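Q: fold the following, please.
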Amino acid sequence: MADLTPIEQMIVKSMQELGATKDSVIKTADDIAKKCNRPKGLITNSLVALAQKGVIKRVAREKAAGYYLLQSS
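A: Have a look, this model is predicted:
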């Protein structure tokens with residue numbers, strides 16, 4: 001995880017703690033922002049960056065998109 005920013009590392013750790021490690025357990029940006037205690041906008045931007053890096057997967061849903069980790073290292 002050396003190529004991740006500190007906020008991205010915090011998000012990955014929070015997602016592991018929330019159990020968002022497979023497609024049957026996905027968490028919204030709101031869930032992750034509450035866990036990290038950071039603004040939702042910051043979390044959302046970082047989630048997009050993490051998805052582009054292939055660390056997490058974004059699942060488009062009717063209400064809010066969900067996210068889960070692809071590699072739980």
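Q: not counting sequence-adjacent ones, nearest residue to Ile7?
A: Closest residue in space to Ile7, ignoring its immediate chain neighbours: Ser46 at 5.1 Å, by Cβ to Cβ, 6 or more residues apart in numbering. The way it works is simple: take the backbone N, C-alpha and C, and place the C-beta from them, glycine included.
Q: right, and the one you found touches Thr5 too?
A: Yes - using Cβ atoms under 8 Å, Ser46 makes contact with Thr5 at a distance of 7.3 Å.
Q: which one's more surrounded, the two?
A: Higher neighbour count among Ser46 and Thr5: Ser46, with 25 against 11, using other Cβ atoms under 10 Å.
Q: confirm the more buried one sits in a helix?
A: Yes - counting by DSSP: H, G, I helix; E, B strand; the rest coil, Ser46 falls inside a helix.
Q: I'd like the distance between it and Ala29.
A: Per Cβ to Cβ, to the nearest Å, Ser46 is found 9 Å from Ala29.
Q: what's the helix or strand for Met10?
A: Assigned by DSSP states H and E, Met10 belongs to helix 6-18.
Q: which parts of that helix are buried?
A: Ile7, Glu8, Met10, Ile11, Val12, Ser14, Met15, Leu18 (16 or more other Cβ atoms under 10 Å).
Q: following element in sequence after that helix, please.
A: Going down the chain from helix 6-18, the next helix or strand is strand 27-28, by DSSP H and E.
Q: so what does the next helix or strand after that following strand touch, helix or strand wise?
A: Per DSSP H and E, the first helix or strand lying C-terminal to strand 27-28 is helix 29-36. Contacts defined by 3 or more Cβ pairs under 8 Å, 6 or more residues apart in numbering; DSSP states H and E place helix 29-36 against helix 6-18, helix 40-53.
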